[in-house]
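**Q** What follows is a protein structure lacking sequence information:
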């Protein structure tokens, strides 16, 4: 069964910590995405990547960075976590091509205290 | 402003009721997805459609490309249908998301 795996379901970090969220997909998909999901706002795109070592800013990249050293792995980095980054983070992947759906990970609920 | 508008934001129904969730979007699309998210976070795709209507069990999705509008219907709703339903129009390879409709079906 194909899947997108996020390393943690729940995470609690302190303000100012550097936080790594890992995402791995086993479908050989070219595209990978990081979203955050907040009540009433839906999913908002943080960063995406169309290829290894390639990254593009989404709608809300401030306070985040990403790394894609291997095709199957896309990491989201919070350089200095803040309380307003408390959220649900979802990773997704998709193949290249118009209209293909995304496969989502189970999400990581991050709380910054 | 979110370019994808979903309504209602919250919906409570009694078991057996017919449910409709609406979605409007602002630009041309290559396809539209309806997604389901259960408590705990995981998102699964219910439908992908680019025209007309699709049916899967008790779920029906329709789309009107000219009016930039799609609906998701649930017939004979059941408590296990309780979830957040998300409309996601896709522009080439770029998927956008509505804010979601939280459906609660009471027994």
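**A** The structure has been received and is ready for your questions. Because the structure is a prediction, the values reported are computed rather than measured.

**Q** Counting neighbours, what do you get for residue A:13?
**A** Counted with other C-beta atoms under 10 Å in any protein chain shown, the neighbours of residue A:13 add up to 16. (C-beta placed from N, C-alpha, C; glycine too.)

**Q** how much space between it and residue A:111?
**A** Going from residue A:13 to residue A:111 by C-beta to C-beta, to the nearest Å gives 7 Å.

**Q** For the host helix or strand of residue A:69, which residues meet the burial criterion?
**A** Per DSSP states H and E, residue A:69 falls inside strand A:64-70. Of all the residues in strand A:64-70, those buried under the rule 16 or more other C-beta atoms under 10 Å in any protein chain shown are A:64, A:66, A:67, A:68.

**Q** same check, this time on stretch B:98-107
**A** Buried residues in stretch B:98-107 (16+ other C-beta under 10 Å): B:98, B:99, B:100, B:101, B:102, B:103, B:105.

**Q** Can you tell me the element residue A:88 falls in?
**A** Using DSSP H and E, residue A:88 falls in strand A:87-94.

**Q** Check the offset of the helix or strand of chain B with the lowest mean pLDDT from the chain's centre.
**A** In chain B, no helix or strand scores lower on mean pLDDT, DSSP states H and E than strand B:94-95, which sits at a mean of 80. Offset of strand B:94-95 from its chain centre (C-alpha atoms, centre = their mean, to the nearest Å): 16 Å.

**Q** Contacts for whichever helix or strand comes after that strand, please.
**A** Following strand B:94-95 in sequence order, the next helix or strand is strand B:101-106 (DSSP H and E). Residues outside strand B:101-106 that contact it (C-beta atoms under 8 Å, 6 or more residues apart in numbering or on different chains): B:6-15, B:17, B:19, B:21, B:74, B:77-86.

**Q** Can you list the strands that strand B:101-106 pairs with?
**A** strand B:10-14 (parallel), strand B:83-91 (antiparallel) (DSSP bridges).

**Q** So in terms of bridging, what pairs with the closest residue to residue B:27 other than its chain neighbours?
**A** Leaving aside its sequence neighbours, residue B:27 sits nearest to residue B:91 (C-beta to C-beta, 6 or more residues apart in numbering or on different chains; 6.4 Å). In this entry, residue B:91 is beta-bridged to residue B:94, by DSSP bridges.

**Q** Can you give me every residue that contacts residue B:91?
**A** Applying C-beta under 8 Å, 6+ apart, we find residue B:91 in contact with B:27, B:28, B:29, B:30.

**Q** Are any of those buried, and if so which?
**A** residue B:29.

**Q** what's the closest of the contacts of residue B:91 to chain A?
**A** residue B:30 (4.3 Å; C-beta to the nearest C-beta).

**Q** And the closest one, how close does it get to residue A:17?
**A** From residue B:30 to residue A:17 the distance is 40 Å (C-beta to C-beta).

**Q** Likewise for residue A:70?
**A** For residue A:70, the distance to residue A:17 - C-beta to C-beta - is 25 Å.

**Q** neighbours around the closest residue to residue B:55 other than its chain neighbours, how many?
**A** In this structure, residue B:55 finds its nearest non-sequential neighbour in residue B:61, 7.9 Å apart by C-beta to C-beta, 6+ apart. Applying other C-beta under 10 Å, we find 23 residues neighbouring residue B:61.
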